[in-house]
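Participant: Attaching a predicted model along with its sequence, questions to come.
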Amino acid sequence: MVSDSGLCGRGVREVSNFGGNVRFRPARLAVPRSEGEVCRLVQEHRADGVRVMGSRHAWSPLIRTAGLLLDLRYLDSVRVYEDGGRLLVSVGGGCRISQLLAYLNQRGLTMPSVGLITEQTVAGAISTATHGSGRHSLSHYVQRVRLVHFDAGGSEVVVRWIDSGDELRAARCSLGAMGVITEVVFAVVRQYRVQEQMVPAGTLSEVLRMEAETPLQQFFLIPHLWRFYVQRRAETAESGGRLTDQLYRVYWFLLMDLGLHLVVLLLAVFLRSRGLVRLFFSTLMPWLVVTSWRPIDRSDRQLVMEHELFRHVEEELFVRRADLPSAMALVQDLLRLADDGSWRLSEASCDQLRRVDLLGVVSEIEGCWSHHYPICVRRVCADDALISMSSGGAEDWYAISLINYQRGSAEFWRFAGFVGAALMRIYGARPHWGKWFPEGELRQEHYPELGRFCEQVKRCDPAGVFRRGFVGQLPGMGE
């Protein structure tokens, strides 16, 4: 990370992301205090290349640059207004989601979709299609985007609102490639309450049947226990606020947000004991879960976690609903093989890996990795965007997350790389733009509208000022 005092001028020290897996030294870091200053800085550094960082809570190398790196923390204004009978909120690109939610809650409002954590900036969250569970990603609800970019000749900076067509669909999840997002307008909704209940489930079919009653649910595959726990969630008209609801928030924070993570750190990071990790999840973990509780709370409290309290790295891959049963069976098979080299893969897994030329190298992960965190799965509805992870068509997508607290572990990267390659080749899985994923696996066919996205990017940035580094290497981006 970088302190505030290190965020201006040239010759700045190294910048790193939240997980510590992305480290680089930009030529200059700047913290503009106005949109006009953003324009001046972009014009001055046209030849160097420009990228924007949010809260750095991402594991992909999107912000890496050898040129100018912008921090928009002071562009954080928030304003609610009505337009044509719709309630909208206009918010600065550097505003954190937590700040936005607090502002809206004071007015009895909230966002239609809320991600798992609230530390991201607004511009960073939409640029990587941050999502929750059971609804569209945050990008889907973007109505207008104010963008600093270049004219058709690529020499002069222009500022304008984007509010329709493919241009808006591209800007909703732009990876920072179209320019600098200084302001975003979202649709907002009245604050609502959510009831939740954590329940065990023996099969994935059982988990998916629950969605009809609890559409906001997310679920977890518990390693070494190999059972599912479902965090059933649904809107409710009940007011909540009972003492038991308040106690639940305390319970969740102390036992899950803190306790579970401290145990994982002790067993997996400090002691590095595979046996104790297996014992904890297979025997002790179920005793921590209270299944009779059905608390009610505001959506912005019930739908989030304090997942940013402990540093970790994460891989997250999206598969279509039709592919979820097969994909989860494969992931579980590979998890068990990595934990126990004598585990025999199912015939279905062997056939799938053989078809994509991975069965011959599966021995590379045998016994190499014992997973130490629940595998989280969230449903995301199809977005009206060009390249968000759930864009295109009407079929829901499911995000499968592999989280690792042994941040320097080469074994995890080997295992995650294999799983990522397998899911991307077999199912056309889409990696989360803000998470780590294996290099060299992304293809044009993963995103059918990637070509249209590149066209919009090049119209806003004909000289390639913003599309360098990671985004410049995307298929079709450099042509």
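Facilitator: Received it, and whenever you're ready, just let me know what you need.

Participant: When you work out contacts or count neighbours from here on, use the C-alpha atoms and nothing else.
Facilitator: Fine.

Participant: mind checking the longest helix of the chain?
Facilitator: Counting residues, the longest helix found in the chain (DSSP state H) is helix 410-427.

Participant: which helices and strands does it pack with?
Facilitator: Using 3 or more CA pairs under 8 Å, 6 or more residues apart in numbering; DSSP states H and E as the contact test, the elements touching helix 410-427 are strand 313-320, helix 324-339, helix 347-355, strand 430-431.

Participant: what's stretch 415-432 in contact with?
Facilitator: 128, 315-320, 323, 327, 331, 334, 338, 352-353, 356, 358, 362, 365, 368-369, 389, 402, 437-438, 441-442, 445-447 (CA atoms under 8 Å, 6 or more residues apart in numbering).

Participant: Could you give me the PyMOL syntax to select whichever of those residues are buried?
Facilitator: Here is the PyMOL command that selects only those of those that count as buried (16 or more other CA atoms under 10 Å):
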select buried, resi 128+315+316+317+318+319+320+323+327+331+334+338+352+353+358+362+365+368+369+389+402+437+438+442+446+447
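
Participant: can you map out the helices along the chain?
Facilitator: 35-44, 97-105, 122-127, 165-171, 204-209, 243-251, 261-264, 274-279, 285-288, 299-302, 324-339, 347-355, 410-427, 450-460.

Participant: highest average neighbour count across those?
Facilitator: helix 122-127 (a mean of 29; mean count of other CA atoms under 10 Å).

Participant: Model confidence score at the residue lying farthest from the centre of the chain, please.
Facilitator: The C-alpha centroid of the chain is most remote from Gly153, which lies 34.5 Å away (CA atoms, centre = their mean). Note for Gly153: predicted pLDDT of 91.

Participant: Report the contact partners of it.
Facilitator: Gly153 neighbours (CA under 8 Å, 6+ apart): Pro462.

Participant: Over to the one 3 residues further on?
Facilitator: Under the criterion of CA under 8 Å, 6+ apart, the contact partners of Glu156 comprise 43, 150.

Participant: so where's this protein uncertain?
Facilitator: 1-12, 479 (pLDDT under 70).

Participant: give me the number of residues near the nearest residue to Arg294 once chain neighbours are set aside?
Facilitator: By the measure of CA to CA, 6 or more residues apart in numbering, the closest residue to Arg294 outside its immediate chain neighbours is Gln197, 4.9 Å from it. By other CA atoms under 10 Å, the residues close to Gln197 number 18.

Participant: how close does Arg107 get to Val80?
Facilitator: Arg107 is 9 Å from Val80, where distance means CA to CA, to the nearest Å.

Participant: Neighbour count: those two, which is higher?
Facilitator: In terms of neighbours (other CA under 10 Å), Val80 is the more surrounded of Arg107 and Val80; the figures are 17 against 11.

Participant: number of nearby residues for the residue nearest to the more buried one when sequence neighbours are not counted?
Facilitator: Nearest non-adjacent residue to Val80, counting by CA to CA, 6+ apart: Val89, 4.3 Å away. When neighbours are counted by other CA under 10 Å, Val89 registers 21.

Participant: Could you pull up the contacting residues of Val89?
Facilitator: 78-81, 185-188.

Participant: Show me the contact partners of stretch 469-479.
Facilitator: 61-62, 64-65, 175, 177, 442-444, 450-451, 454, 467.

Participant: domains in this protein, as residue ranges please.
Facilitator: Domain segmentation of the chain under automatic domain parsing yields 4-71, 78-190, 193-302.

Participant: For Gln456, give me its contacts.
Facilitator: Counting by CA under 8 Å, 6+ apart, Gln456 has contacts 166-167, 170, 178.

Participant: 10 Å instead, please
Facilitator: Listed by CA atoms under 10 Å, 6 or more residues apart in numbering, the contact set of Gln456 reads 166-171, 174, 177-178, 450, 462.

Participant: Include distance to Glu238 when you put these into a markdown table, please.
Facilitator: Below are those laid out as a markdown table (distance: CA to CA, whole Å):
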| residue | distance to Glu238 |
| --- | --- |
| Asp166 | 40 |
| Glu167 | 41 |
| Leu168 | 37 |
| Arg169 | 36 |
| Ala170 | 39 |
| Ala171 | 38 |
| Ser174 | 39 |
| Ala177 | 44 |
| Met178 | 44 |
| Leu450 | 44 |
| Pro462 | 53 |
